[in-house]
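K.L.:
what shape does this take:
(one chain, ligands or ions: 1)
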Amino acid sequence: MYNETVMDHFTNPRNVGVLEDADVVAETSSPGCGDITKIYLKIRDNRIVDVKFQTLGCAAAIASSSMATELVKGKTLEEAWTLTRTDVADALGGLPEPKLHCSVLAEDAIRTAINQYRIDRGLAPW
Ligand code: FES
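P.N.:
Below is the predicted model of the structure:
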């Protein structure tokens with residue numbers, strides 16, 4: 001069902017865990033299945049210098065979170081904001097059609113974290 005890249009990120013997820021000195025933490029859940037992703041971002045000079053995640057969910061959700069954290073690490077907040085579920089699914093080499101919605105969790109969690117970071121600093125959310 002899953003390709004090699006998805007299986008690799010599922011069985012050996014990158015950036016998994018808790019970031020103790022995160023500047024912002026955000027959690028999102030999928031309304032459809034209830035799976036949860038929590039994202040921790042460390043931000044310096046408007047750039048994501050470190051990121052970790054915890055996902056309570058299916059293999060596709062874990063692989064998507066892992067890939068999404070790889071894609072946003074080192075990016076500016078503006079660049080990270082533009083990351084879409086399609087970018088994540090493409091970077092994974094594709095997800096099976098019934099599992100495409102699972103890549104939404106990572107995108108949502110990252111955007112929620114970025115907006116929370118902005119709100120915490122008195123800036124308008126994007
Ligand atoms: Fe819930 Fe995949 S089935 S995120």
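
K.L.:
which residues of the protein fall in strands?
P.N.:
24-29, 36-44, 47-56 (DSSP state E).

K.L.:
highest mean neighbour count out of those?
P.N.:
Counting by mean count of other CB atoms under 10 Å, strand 36-44 has the highest mean neighbour count of the strands of the chain, with a mean of 21. Backbone N, C-alpha and C define where each C-beta goes, glycine included.

K.L.:
direction included, what does that strand pair against?
P.N.:
With DSSP bridges as the test, strand 36-44 is paired with strand 24-29 (antiparallel), strand 47-56 (antiparallel).

K.L.:
for the longest one, C-alpha coordinates in PDB please.
P.N.:
Backbone C-alpha positions of strand 47-56 (Å, rounded to 0.1, in the frame of the first residue of the first chain) are rendered in PDB as follows:
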ATOM      1  CA  ARG A  47      13.800  31.100  10.700                       C
ATOM      2  CA  ILE A  48      12.900  27.600  11.900                       C
ATOM      3  CA  VAL A  49      16.200  26.400  13.400                       C
ATOM      4  CA  ASP A  50      14.700  23.300  15.000                       C
ATOM      5  CA  VAL A  51      11.500  21.300  14.800                       C
ATOM      6  CA  LYS A  52      10.100  18.200  16.400                       C
ATOM      7  CA  PHE A  53       6.800  16.400  16.200                       C
ATOM      8  CA  GLN A  54       4.600  13.900  18.000                       C
ATOM      9  CA  THR A  55       1.900  12.200  16.000                       C
ATOM     10  CA  LEU A  56      -0.800   9.900  17.400                       C
END
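
K.L.:
wait, isn't residue 115 in contact with residue 125?
P.N.:
Yes: counting by CB atoms under 8 Å, residue 115 does reach residue 125; the two are 4.0 Å apart.
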